[in-house]
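S.K.: Everything below, folded, please.
(4 chains)
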4 protein chains.
Amino acid sequence: MKAQYIGDFDEWKIGFRFSVPVTVRFSETDMYGHLNNTVNFAYFEYARIEFLKHIGLMNDWLSPDGQNIPVVADLQCDYLKQVFFDQSIDIHVKAEKIGSSSVDLHYLATDEKGEPLFTGRGTMVQISRRTGKGSPWTDGDREAFVAVPAAHQGEHR
Amino acid sequence: MKAQYIGDFDEWKIGFRFSVPVTVRFSETDMYGHLNNTVNFAYFEYARIEFLKHIGLMNDWLSPDGQNIPVVADLQCDYLKQVFFDQSIDIHVKAEKIGSSSVDLHYLATDEKGEPLFTGRGTMVQISRRTGKGSPWTDGDREAFVAVPAAHQGEHR
Amino acid sequence: MKAQYIGDFDEWKIGFRFSVPVTVRFSETDMYGHLNNTVNFAYFEYARIEFLKHIGLMNDWLSPDGQNIPVVADLQCDYLKQVFFDQSIDIHVKAEKIGSSSVDLHYLATDEKGEPLFTGRGTMVQISRRTGKGSPWTDGDREAFVAVPAAHQGEHR
Amino acid sequence: MKAQYIGDFDEWKIGFRFSVPVTVRFSETDMYGHLNNTVNFAYFEYARIEFLKHIGLMNDWLSPDGQNIPVVADLQCDYLKQVFFDQSIDIHVKAEKIGSSSVDLHYLATDEKGEPLFTGRGTMVQISRRTGKGSPWTDGDREAFVAVPAAHQGEHR
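M.R.: Okay, here's the model as predicted:
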């Protein structure tokens, strides 16, 4: 059951160059015995921010004096397999499409064998703190989204 | 910025006959000062379950002896306005499209003036605990999704 | 197994004049099938803030121009009975002991029959945003903690 | 402001031989800009379970056929310093006192310089799934709590 935002899965998968590891916490499970389906979005958020730090875009957004902040416009997740307590997962992120002040980020979660567990996407918009309106990317920003240094950050625990 | 799953917004909005109230908790905010964008999905889950109880479908799924359980296949949320601590929200739910063993649920969150704050949708599938495969709706189930007694459950606090 | 901060239980219980209702959400359960034990503290936080609003102390703390903010110094919870999905609970709060710039808040969670489910306490300190040091209560604040208008806020859903 | 369960702090600190790293997620902050004070308990839970796995006691408790499960009787946390987004923390755990079917676990969270951020404790009881009553530790269990192989598990990311 492939999501609409994925064309050819293998091609789509190759495009990811960055990932972070997470391990499912007990408090993240629910009474059906697996990862509660709201937590996937917390994993996406964690991976997104690590990705943005990795490509050097996060600093300004966290600074109290920064002029812009990122705003999530939409988010979606497709659940392929059930995920369990203590499972080690890699959350991969990439910038799929870059607009004038927005970016479409895609997500892929894989298990220890590299099999897909869930996928997702969401548009993030950079807005001006002052005006609340879209604040266009610089050329440097656009370059950063594309020329991502390959990295698998950290280790599973 | 209307989501793709919404045709004519006013028409779409009229279709909701059931809602639950939630109030944004302090622990649900984040350091940007508004509702963290992962919590919207917890609200959807809460509204979905109340809706299923309301139309009489939830009992079997919670019973340890029940043969079927509901599984979320995908979820998405479109963020229209920022939501703040202590804000009173109504989460509306409806069954938009009913498949053989699945249902497409739509969500609308409104503020105290009835203005939309965020919208969403997601497919839920009924599967057999034993086989893990889709378990078709009965005629009674299908009727229940459509003939929803109108209700605004509970009050804001 | 009575907690150390409770002397005579019946006497202690009578002292509560304010409570808020909560209903256990599915996303708040864990794979052992009951309320995950970290969520009790989110309930305490919710009840604490509603209590502070009720007695008129919260406004200044949420204002961006406010001079003081409340800081939690410690928190504890004693789990008496297991709590389940969809259970209706009342969280009672009271100010047990008032220091110069701190207050010891006590919590009692009861089920629909009034039976205790869990209890708790925690010291909250008012600090100055500017200095980070304790900021003494006014006489009005101290009076507010004691002369609490009795209220059971809102209804269960 | 030392907690009552801590005698001499330096002596108490030396007793920890096991820790796990966590990094504060954005979704774990609140609108006051720091780690929401309910999340500390999720960190304790995570560290507790890793500790129990490390000393070899967790397996039986997670098995569907296991006869016993661990139940948290109480939990407390003392907040010493504010904790911020993206901060790297080590959560240390140790068994402080072992009863017939219970154990008193202590927690210490330190920052990258080894400075204490928050401390905690809580009693955990092993109960029988069948009777719901305390199920005594074996000699092997008691030995496991004491003879902990020193370990700092995993790395910060």
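S.K.: how close does A:Ile91 get to chain C?
M.R.: Here A:Ile91 is placed at a distance of 20 Å from chain C (C-beta to the nearest C-beta, to the nearest Å). Glycine gets a C-beta too; all of them are placed from N, C-alpha and C.
S.K.: so is that residue in a helix, a strand, or just coil?
M.R.: Each residue gets one of three states, and A:Ile91 gets strand by DSSP: H, G, I helix; E, B strand; the rest coil.
S.K.: Compute the number of surrounding residues for A:Asn68.
M.R.: Neighbouring residues of A:Asn68 were enumerated by other C-beta atoms under 10 Å in any protein chain shown; the total is 20.
S.K.: Identify the residues contacting the residue nearest to it when sequence neighbours are not counted.
M.R.: Taking C-beta to C-beta, 6 or more residues apart in numbering or on different chains as the measure, A:Asn68 lies nearest to A:Ser135, with 4.7 Å between them; neighbours along the chain are not counted. Residues counted as contacts of A:Ser135 (C-beta atoms under 8 Å, 6 or more residues apart in numbering or on different chains) are A:Gln67, A:Asn68, A:Ser101, A:Gln126, A:Ile127, A:Ser128.
S.K.: Filter the residues you listed down to the buried ones and hand me the ChimeraX line.
M.R.: Selection of the buried residues among the contacts of A:Ser135 in ChimeraX, burial being defined by 16 or more other C-beta atoms under 10 Å in any protein chain shown:
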select /A:68,101,126,127
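S.K.: could I get the contacts of A:Ser135 as a markdown table with pLDDT and secondary structure?
M.R.: Below are the contacts of A:Ser135 laid out as a markdown table (pLDDT from 0 to 100; DSSP: H, G, I helix; E, B strand; the rest coil):
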| residue | pLDDT | secondary structure |
| --- | --- | --- |
| A:Gln67 | 89 | coil |
| A:Asn68 | 90 | strand |
| A:Ser101 | 96 | coil |
| A:Gln126 | 94 | strand |
| A:Ile127 | 92 | strand |
| A:Ser128 | 92 | strand |
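S.K.: For B:Asp10, state which of the contacts of A:Ser135 is nearest.
M.R.: A:Ile127 (27.5 Å; C-beta to C-beta).
S.K.: wait, the closest one sits on A:Ala73?
M.R.: No - using C-beta atoms under 8 Å as the test, A:Ile127 is too far from A:Ala73 to be in contact (10.0 Å).
S.K.: Name the nearest residue to A:Ile55, ignoring sequence neighbours.
M.R.: Take A:Ile55 and drop its neighbours on the chain: the residue closest to it by C-beta to C-beta, 6+ apart is A:Ala144, 4.4 Å away.
S.K.: mind listing the helices for chain A?
M.R.: Secondary structure of chain A, counting by DSSP state H: helices at A:9-14, A:39-54, A:58-62, A:139-146.
S.K.: which other helices and strands contact the first one?
M.R.: In terms of contact count using 3 or more C-beta pairs under 8 Å, 6 or more residues apart in numbering or on different chains; DSSP states H and E, helix A:9-14 is assigned the packing partners strand A:102-110.
S.K.: OK, contacts around the closest residue to A:Asp74 other than its chain neighbours?
M.R.: Closest residue to A:Asp74 apart from its sequence neighbours, by C-beta to C-beta, 6+ apart: B:Asp78 at 4.5 Å. Taking C-beta under 8 Å, 6+ apart as the contact definition, B:Asp78 lies against A:Ala73, A:Asp74, B:Met1, B:Ala3, B:Phe118, B:Thr119, B:Gly120.
S.K.: What distance do you get for B:Asp78 to B:Thr110?
M.R.: Computed as C-beta to C-beta, to the nearest Å, the B:Asp78 to B:Thr110 distance reads 14 Å.
S.K.: Please apply the same query to A:Leu52.
M.R.: If you go by C-beta to C-beta, the gap between A:Leu52 and B:Thr110 works out to 32 Å.
S.K.: Between those two, point out the one with more neighbours.
M.R.: When neighbours are counted by other C-beta under 10 Å, A:Leu52 and B:Thr110 differ, and A:Leu52 comes out ahead with 22 against 19.
S.K.: now that one: how far from B:Val103?
M.R.: Computed with C-beta to C-beta, the distance linking A:Leu52 and B:Val103 is 36 Å.
S.K.: now swap in A:His106 and tell me
M.R.: Applying C-beta to C-beta to A:His106 and B:Val103 gives a distance of 27 Å.
S.K.: Now do the same for the residue nearest to A:Asp74: its pLDDT.
M.R.: In the predicted model, B:Asp78 carries a pLDDT score of 98.
S.K.: neighbours around the nearest residue to A:Val125 once chain neighbours are set aside, how many?
M.R.: The shortest distance from A:Val125 to any residue other than its chain neighbours is 4.4 Å, reached at A:Ser102 (C-beta to C-beta, 6+ apart). Using other C-beta under 10 Å, A:Ser102 has 19 neighbouring residues.
S.K.: Which residue lies closest in space to the residue of chain A found nearest chain B, excluding its sequence neighbours?
M.R.: Relative to chain B, the nearest point of chain A is A:Gln76 (3.3 Å; C-beta to the nearest C-beta). Counting by C-beta to C-beta, 6+ apart, the nearest residue to A:Gln76 once its immediate chain neighbours are dropped is B:Gln76, at 3.3 Å.
S.K.: I figured the one you found was touching B:Thr123, is that so?
M.R.: No - the pair formed by B:Gln76 and B:Thr123 falls short of the contact definition of C-beta under 8 Å, at 10.0 Å.
S.K.: Looking only at neighbour counts, state which of those two leads.
M.R.: It is B:Gln76, of B:Gln76 and B:Thr123, that has more neighbours when counted by other C-beta under 10 Å, with 23 against 19.
S.K.: if we can go back for a sec, give the contact list for the residue nearest to A:Gln76.
M.R.: With contacts defined as C-beta under 8 Å, 6+ apart, B:Gln76 is in contact with A:Asp74, A:Leu75, A:Gln76, A:Cys77, B:Ala3, B:Tyr5, B:Gly120, B:Arg121, B:Gly122.
S.K.: when you check those against the strands, which ones overlap?
M.R.: The strands, defined by DSSP state E, take in A:Asp74, A:Leu75, A:Gln76, A:Cys77, B:Gly120, B:Arg121, B:Gly122 from the contacts of B:Gln76.
S.K.: what sits against the residue minimising distance to the centre of chain A?
M.R.: Nearest to the geometric centre of chain A sits A:Arg48, at 3.7 Å (C-alpha atoms, centre = their mean). When the contact criterion is C-beta under 8 Å, 6+ apart, the partners of A:Arg48 are A:Val93, A:Leu105, A:Tyr107, A:Met124.
S.K.: measure the closest residue to the third one other than its chain neighbours to A:Tyr79 for me?
M.R.: Counting by C-beta to C-beta, 6+ apart, the nearest residue to A:Tyr107 once its immediate chain neighbours are dropped is A:Gly120, at 4.1 Å. Here the criterion is C-beta to C-beta. By it, A:Gly120 lies 10 Å from A:Tyr79.
S.K.: Now list whatever residues contact both of these two.
M.R.: The contact sets of A:Gly120 and A:Tyr79 overlap at A:Asn40 (C-beta under 8 Å, 6+ apart).
S.K.: and the residue nearest to A:Ser100 when sequence neighbours are not counted, how many neighbours?
M.R.: Here the nearest residue to A:Ser100 in space, its sequence neighbours aside, is A:Pro136; by C-beta to C-beta, 6+ apart that works out to 5.1 Å. A total of 13 residues lie near A:Pro136 under the criterion other C-beta under 10 Å.
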